[in-house]
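Peer 1: no sequence for this one, just the structure:
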């Protein structure tokens, strides 16, 4: 059977939990670990909890007075029960301030903005230890390594990493005016579908703020030229629902994807209004030196229609990038083609820490003869392992990516070719992970295979877990989870 061993965590706006599953039972769980080694581990194990009576963001007075209200509760010496981060912190903070909802977009999408980075790291470390304790009763937080932060120090003056992707809602602000930005709540909340502009949110790049502002201006101009209809609260419905912006601050390439209220038919031509909006978005991005390679609109079949694209872009094939694909450069040397709707970590800097950690975990005992990159998407995790092996002259290492999505598998093949990683170094199979694991692992030349998994937020399907357990050649599993709480 597999046992869990916590190896690494990576901190950004959200955080990941790295787990290694191995077929060597933890001696401590079976009571066979020597007493001297047990004492040695306990002596060097970090504490399971950090004693705090008042949150540091309150002690340090870091709350911006201009954003506080007269309802803000005075801090006292009574013990404060701190809610879980992300899921519960902002709710408790609003209750403390006597407010019914977020003050602006900053509260809605960066709920920890008032908390110093050292407090965030300490709280997240505590939560991870508690999670590990549930997974490993008796082993507890002793198996939990310190969080690997993007920042070398906890200096709050250091600018946070910019996001490479933001999903903006197009709707109305609290006053009823058209707005492109972030939702302040959910439909059942007091704010309902109210939207606030992204200005002031520290991790949103300037070009995205400019594009959102231009979209807001276009929607308000359209609003003023229309007669009122049957929209929400008597206001006319806006023609678009969302604007997805993705761009690299290293290559300065970007793409925008619009979702219309009434999606066009597949193969339809762009309307003059759509072309005008696309041009305005491109000019807004260009003011901040960002090149908008394409503006796309989602069609009724879930695909994308080009509204604005360079003339040199040809239709995508199995070996060419999809229209609107941008190039992202990693410090490791990889150049990645990221298609408009593909999944990619929203912080490139955080992703790089995650990628290097995965390579480290997958090669703890040297490069295995086979690595299975399951749910590989664009293939970055497996490609990082293949690149590291090639860089060190390890010819026996073979990496196989498995991806159910045909577009994801195409992206992985494009990325492999762009980085000169070809068979037998790297190969992609389009299919279900559970159907491919047995056949692939059975082809390993020795019982020394590593599986890397980066599943969707919903987690691994039970069938994948069963297939992994049945694959005797797989000795190590590296799991990346963006939702470790389940």
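Peer 2: Received the coordinates, thanks. These numbers were taken from a predicted model, which means no experiment stands behind them.
Peer 1: what separates residue 102 from residue 431, distance-wise?
Peer 2: With distances taken as Cβ to Cβ, to the nearest Å, residue 102 is found 43 Å from residue 431. From N, CA and C alone the C-beta is placed, and that goes for glycine too.
Peer 1: Of those two, give the one with the bigger neighbour count.
Peer 2: residue 102 (22 against 12; other Cβ atoms under 10 Å).
Peer 1: Just to check, that one is in contact with residue 94?
Peer 2: Yes. The pair residue 102 and residue 94 qualifies as a contact (Cβ atoms under 8 Å) at a distance of 7.1 Å.
Peer 1: Would you mind identifying the helix or strand in this protein with the lowest mean pLDDT?
Peer 2: helix 27-30 (a mean of 34; mean pLDDT, DSSP states H and E).
Peer 1: ok so residue 170 is a strand residue?
Peer 2: Yes. Counting by DSSP: H, G, I helix; E, B strand; the rest coil, residue 170 is located in a strand.
Peer 1: What number of residues are in the vicinity of it?
Peer 2: Residue 170, neighbours per other Cβ under 10 Å, totals 24.
Peer 1: partners of it in the sheet?
Peer 2: As for beta bridges, residue 170 partners with residue 180 under DSSP bridges.
Peer 1: Would you agree it is in contact with residue 222?
Peer 2: No. Using Cβ under 8 Å, residue 170 is not in contact with residue 222; the gap is 11.0 Å.
Peer 1: Could you pull out the helices in this protein for me?
Peer 2: According to DSSP state H, the chain carries its helices in the segments 27-30, 35-44, 56-59, 89-97, 105-109, 117-135, 206-224, 272-286, 348-362, 380-391, 406-418, 433-442, 462-470.
Peer 1: Pick out the shakiest of those, pLDDT-wise.
Peer 2: Among the helices of the chain, helix 27-30 has the lowest mean pLDDT, at a mean of 34.
Peer 1: shaky segments in the chain?
Peer 2: Within the chain, the ranges that satisfy pLDDT under 70 run 1-87, 138-143, 150-159, 186-192, 225-234, 310-320, 442-447, 483-486.
Peer 1: repeat that for 50
Peer 2: Residue ranges of the chain with pLDDT under 50: 1-35, 37-82, 153-154, 187, 228-231, 314-316.
Peer 1: Nearest residue to the spatially most central residue of it in space, please, no chain neighbours.
Peer 2: Taking Cα atoms, centre = their mean, the centroid of the chain lies closest to residue 345, which sits 3.7 Å from it. Leaving aside its chain neighbours, residue 345 sits nearest to residue 351 (3.6 Å; criterion: Cβ to Cβ, 6 or more residues apart in numbering).
Peer 1: What separation do you get for that neighbour and residue 475?
Peer 2: Going from residue 351 to residue 475 by Cβ to Cβ gives 26 Å.
Peer 1: The two: who's more crowded?
Peer 2: More neighbours surround residue 351 than the other of residue 351 and residue 475, with 22 against 18 (other Cβ under 10 Å).
Peer 1: For that one, list the residues it contacts.
Peer 2: By Cβ atoms under 8 Å, 6 or more residues apart in numbering, the contact list for residue 351 reads 330, 344-345, 380.
Peer 1: ok, of those residues, which one's closest to residue 202?
Peer 2: Checking these against residue 202 with Cβ to Cβ, the nearest one is residue 345 at 17.7 Å.
Peer 1: looking at it, the residue nearest to the centre of the chain is touching residue 358, isn't it?
Peer 2: No. Shown here, residue 345 and residue 358 do not form a contact pair, counting by Cβ under 8 Å, at 11.8 Å.
Peer 1: Quote the end-to-end distance of stretch 321-340.
Peer 2: One end of stretch 321-340 to the other measures 10 Å (Cα to Cα, to the nearest Å).
Peer 1: neighbouring contacts of that stretch?
Peer 2: So stretch 321-340 is contacted by 164, 244, 246-248, 250-251, 253-255, 257, 293-294, 296, 304, 306, 309, 313, 315-316, 344, 348, 351-352, 355-356, 378, 380, 383-384, 387, 407, 410-411, 414-415, 418-419 (Cβ under 8 Å, 6+ apart).
Peer 1: Any quick ChimeraX command for the buried ones out of these?
Peer 2: Selection of buried members from the contacts of stretch 321-340 for ChimeraX, criterion 16 or more other Cβ atoms under 10 Å:
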select :164,244,246,247,248,251,253,254,255,257,293,294,296,304,306,309,313,316,344,348,351,352,355,356,378,380,383,384,387,407,410,411,414,415,419
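Peer 1: all strands of the stretch 51-200 of the chain, in order?
Peer 2: 148-149, 165-172, 178-183, 195-196 (DSSP state E, counting those that start in this stretch).
Peer 1: Count the residues that sit near the residue nearest to residue 217 when sequence neighbours are not counted.
Peer 2: Nearest residue to residue 217, sequence neighbours excluded (Cβ to Cβ, 6+ apart): residue 280, at 7.9 Å. As a burial measure, residue 280 scores 16 neighbours (other Cβ under 10 Å).
Peer 1: Residue 280 and residue 216 touch, don't they?
Peer 2: No. The criterion here is Cβ under 8 Å, and residue 280 misses it with residue 216 at 10.9 Å.
Peer 1: Pull the number of nearby residues for residue 409.
Peer 2: 22.
Peer 1: no wait, residue 391
Peer 2: Residues lying near residue 391 (other Cβ under 10 Å) number 10.
Peer 1: And residue 428, by the same measure?
Peer 2: Using other Cβ under 10 Å, residue 428 has 23 neighbouring residues.
Peer 1: tell me the contacts of it?
Peer 2: Residues in contact with residue 428 (Cβ under 8 Å, 6+ apart) are 376, 379, 400-403, 409, 412-413, 416.
Peer 1: now do 6 Å
Peer 2: By Cβ atoms under 6 Å, 6 or more residues apart in numbering, the contact set of residue 428 is 401, 409, 412-413.
Peer 1: Next: residue 179.
Peer 2: By Cβ under 6 Å, 6+ apart, residue 179 lies in contact with 173, 195, 216.
Peer 1: The first one: what's its closest spatial neighbour, skipping adjacent residues?
Peer 2: What it means is residue 173. residue 179 (4.2 Å).
Peer 1: For residue 305, see how far away that neighbour is.
Peer 2: In terms of Cβ to Cβ, residue 179 sits 25 Å off from residue 305.
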